[in-house]
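Asks: structure for this input, please:
(4 chains)
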Number of protein chains: 2
Amino acid sequence: MPEGSSPPMGQSLLFLTDEQLRKGIEAMFFAYRGFTADPDRILAQKSYGRAHHRAIHFIHRSPGTTVNNLLSILGVTKQSLNRVLRTLIEDGLVASTVGTRDKRERHLHLTTEGAALERELSDAQRDRMRAAYRAAGPAAVAGFRQVLEAMMDDETRHHYEAMKEKTE
Amino acid sequence: MPEGSSPPMGQSLLFLTDEQLRKGIEAMFFAYRGFTADPDRILAQKSYGRAHHRAIHFIHRSPGTTVNNLLSILGVTKQSLNRVLRTLIEDGLVASTVGTRDKRERHLHLTTEGAALERELSDAQRDRMRAAYRAAGPAAVAGFRQVLEAMMDDETRHHYEAMKEKTE
DNA sequence: TTGGAATGTCAACAAAGCTGACGTATTGTG
DNA sequence: CACAATACGTCAGCTTTGTTGACATTCCAA
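Replies: Numbers count the residues shown, from 1 in each chain, chains lettered A, B, ... in the order given. All right, here's what the predicted structure looks like:
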C-alpha cells in the first residue's frame, strides 16, 4: 500500500459513508409518508385505499391498458389487483371493455367520474411535490430524480422509462 | 398584465410543470419498491415483515428508547407496534427493561441476535443505496436529500432532524 | 380438434394498520 | 393522602391489501 496515494476522498466520497447512507435511508422512509399523506386523506373519506389510487393513476396514464399490463407495472398479484378493480368498476370510476382482438383481455379506462377523482388525487399530491421542488430548486430536483432512478430494480426501471417516454 | 414581463421561465421553472411533477411522483413510487426489496427478501425468510424492520432500525438508532417515543417516530398506534414488539421480544431480538427513573416506561434495546439481524438488513439496504449514490454522484445526492426533506410533514421532519443530529 | 397457455374470477388466509375498551403500575398534583 | 394523568399491555373486532390455490373462459398452435 503506497503512502500518499490518497484518492480525492475529502470532497467526493464522504457521501458514501455508512452514516450518509443511513441518513438517506431515513430520509426516504420519512419522505414517503409525506408523499402519500395527502392522497391518503382524500381516499379515506371515500373509503378507498392506496391501492385504488395506484390503479387509477396508471389507468389514467395508459388508457386502454390491460389487466395484465397493469399487473406488471404495479407488481402485485392479479387477485390483489382484481379486488381493487372490481370495486372501482362497480362504483363506476373505471370502465372495463372486452378486447376486440383478444376477447380474454379487458381494456381499462377511467370514466368521467374516475377522471375527476384522479384529478383530485394527483392535484393534492402534486401540490406537495411542487412545494418541495420549489423549495429545493432545479439542480436538487435533477439530483433527486437521478438517485431515485438508480435505486430502482432493473425491471421496474423499464416500466418507469416506458411511462416517461409516453408523453415526451 | 404587462407584456414582456416574462420571468426567467425557460430554464428555471420548467421543473415545476405538471409533467415534471408527475415523473417525480412515479419515480418516488417505483424507487420505493427498490428501496424495500432487499430487506423484504431477508425478512420473508424469517417470517417477519416491514414493520419488524422499522422497529429494529429505530431501536438500533436510539438504544434505550421508550415505547412511546418509538410510537411517535413510526407514526402507528401502540396496538400495532405492540404486536410487532411482542414477537421481537419473544424471539429474543429485543430486550425490554423497566425504566429506572420512571418505572412505567420500558426501555428497548437490541440483543446480540437482534443487532445481527439489524446488521444484515441494513447492509442489504445500504448496498443498494450505495450503488445508487455512486451512480448519481455527490451533487445529485445532495439534491436528493434536499427534495426528500422538503417533502416531509413538519412533525415528521422534526423526528428526522433529531435522528440526524444524534451522530453528527 | 384438442391440449396448453393466457386471462380473469372466487375463496380463504396472513400481515399490519385501525378503533374502542379495559387493566395495571407508576407518577405527579391538588 | 386521594385521585387524576401517564405509560404500557392486551383483548376484541374491523379494514386494506397482499398472498396461494382452484377454476372457468378464451385463444392458439400442434
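Asks: contacts and neighbour counts: CA atoms only from here.
Replies: Noted.
Asks: tell me the pLDDT at the closest residue to residue A:126 other than its chain neighbours?
Replies: Of all residues not flanking residue A:126 in the chain, residue B:21 sits nearest, at 6.2 Å (CA to CA, 6 or more residues apart in numbering or on different chains). What the model reports as pLDDT for residue B:21 is 96.
Asks: where along chain A do the strands fall?
Replies: Taking DSSP state E as the criterion, chain A carries its strands at A:65-66, A:94-98, A:106-110.
Asks: need the winner for burial among the ones you listed.
Replies: Compared across the strands of chain A, strand A:106-110 shows the largest average neighbour count, a mean of 22 (mean count of other CA atoms under 10 Å in any protein chain shown).
Asks: that one: partners in the sheet, and parallel or antiparallel?
Replies: Strand A:106-110 pairs in its sheet with strand A:65-66 (antiparallel), strand A:94-98 (antiparallel), by DSSP bridges.
Asks: contacts only, for residue A:15.
Replies: When contacts are counted by CA atoms under 8 Å, 6 or more residues apart in numbering or on different chains, residue A:15 touches A:21, B:133, B:138, B:141.
Asks: please name the nearest non-neighbouring residue to the residue most central in space within chain A.
Replies: Centroid check for chain A by CA atoms, centre = their mean gives residue A:54 as the closest residue, at 7.4 Å. The spatially closest residue to residue A:54, leaving aside those adjacent along the chain, is residue A:74, at 7.6 Å (CA to CA, 6+ apart).
Asks: that older thread, how near is the residue nearest to the centre of chain A to residue A:134?
Replies: Taking CA to CA, to the nearest Å as the measure, residue A:54 falls 25 Å from residue A:134.
Asks: likewise residue A:94?
Replies: When CA to CA is the yardstick, residue A:94 and residue A:134 sit 34 Å from each other.
Asks: same check on residue A:47?
Replies: Remark: distance between residue A:47 and residue A:134 (CA to CA) = 32 Å.
Asks: now swap in residue A:109 and tell me
Replies: Residue A:109 sits at a distance of 33 Å from residue A:134 (criterion: CA to CA).
Asks: how about residue A:76?
Replies: Using CA to CA, we find residue A:76 at a distance of 33 Å from residue A:134.
Asks: so the two - more neighbours on which side?
Replies: Neighbours were counted for residue A:76 and for residue A:134 using other CA atoms under 10 Å in any protein chain shown; residue A:134 has more, 18 against 12.
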